[in-house]
Structure formats: C-alpha cells, structure tokens
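# I would like to see how this sequence folds:
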Amino acid sequence: MSASEDKTGKEEQQKEEKAIGGAPKNLMVPFLLLSLRGWNIHGYELIQQLVKFGFPSIDQGNVYRTLRQLEKENMVKSEWDTSSGGPAKRIYSLTDTGEQYLQSWANSLEQYQSMLDRFFTMYTGFFMPSQAGPTPKKEDS
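Numbers count the residues shown, from 1 in each chain. Coordinates of the predicted model:
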C-alpha cells in the first residue's frame, strides 16, 4: 500500500467516525453541545452537567480533549475569563457550526429513539406477560 493510499484510507476512516448515520461513537459530544446551547460556561460546569445527564463516570481529561477537538472543528469557541479572583478559566460557547452539528445529532438520536422504542415494545411483548389477562373468547350465536 502506498503512502497516499494509506493517507486516503485514514481520511475515510475519520470521515466514517464523524458520520452520525451509524451508531454513536462519542455520545458525550451532543450532550456537551446541548449544554452549551444558549449558555457560556466553564469546563467544570460542563462536567457537572454531564453527570446530571446521567453519565456514570466522567474522565475530565477526555472532556477537555473533546472540547479542544470541537474547538479545532469550529463547533465551540472559548475565551479566557479573568473576572474572578482565582486563576483564569476558559468559558466555552456554541458556534453556528456547532449548532448545525447538534441538529444533526438530534435528528440521528430521534431515529435511534424510534428504533429503541420498537425494540422494547417487541421485547416486552415477548418476555413480559401481558397484565391484561387472557383474551375473551367469542361466543357462538
């Protein structure tokens, strides 16, 4: 395999990983973007928000790496906040590109929700006995 073919293959893989049509690769991303929608907040507050959303364990380093990557991709922007007496903190906010990407995630997650609803409807139908009782028999006339 040539170097250019290897590079093209890696680029294709990165595009696939970014694609939303498949299974979510990094579910934290839409939750971060949603948390930033309409708000300018610090990284620590974003981590607290992820906990509120139900993420069981948060790798803080991963959150900040993800935020830096989102910033490189122009989905979020950050500024230093020096207004408090303590050390300067970054304040993150959503960009127009991030808003569009969040909308794509929302559309995709809506499709997943529909699939999951059908799955659990079938699952409970197969494995959970009906609470309604037996079906009434037709009477002969």
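
# helices of this structure, residue ranges please.
Ranges of helices in the chain, per DSSP state H, are 3-18, 28-36, 43-53, 60-72, 96-127.

# out of those helices, which gets nearest to Ser83?
helix 43-53 (14.9 Å; C-beta to C-beta). All C-beta spots, glycine's among them, are computed from the backbone N, C-alpha and C.

# before we move on, back to that, okay, the helices of the chain, which one's buried deepest?
With neighbours taken as mean count of other C-beta atoms under 10 Å, the helices of the chain reach their highest mean count in helix 28-36, at a mean of 21.

# which elements pack onto that helix?
Contacts defined by 3 or more C-beta pairs under 8 Å, 6 or more residues apart in numbering; DSSP states H and E place helix 28-36 against helix 43-53, helix 60-72, strand 76-81, strand 89-94, helix 96-127.

# list the contacts of that helix.
24, 41, 46, 49-50, 53, 55, 62-63, 66-67, 70, 75-76, 92-94, 98-99, 101-102, 105-106, 109 (C-beta atoms under 8 Å, 6 or more residues apart in numbering).

# any chance of the helices and strands packed on helix 28-36 in a markdown table, plus mean pLDDT and distance to Phe31?
Output for those, formatted as a markdown table (pLDDT from 0 to 100; distance: least, C-beta to C-beta, whole Å):
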| stretch | mean pLDDT | distance to Phe31 |
| --- | --- | --- |
| helix 43-53 | 93 | 5 |
| helix 60-72 | 95 | 10 |
| strand 76-81 | 94 | 13 |
| strand 89-94 | 95 | 12 |
| helix 96-127 | 93 | 9 |
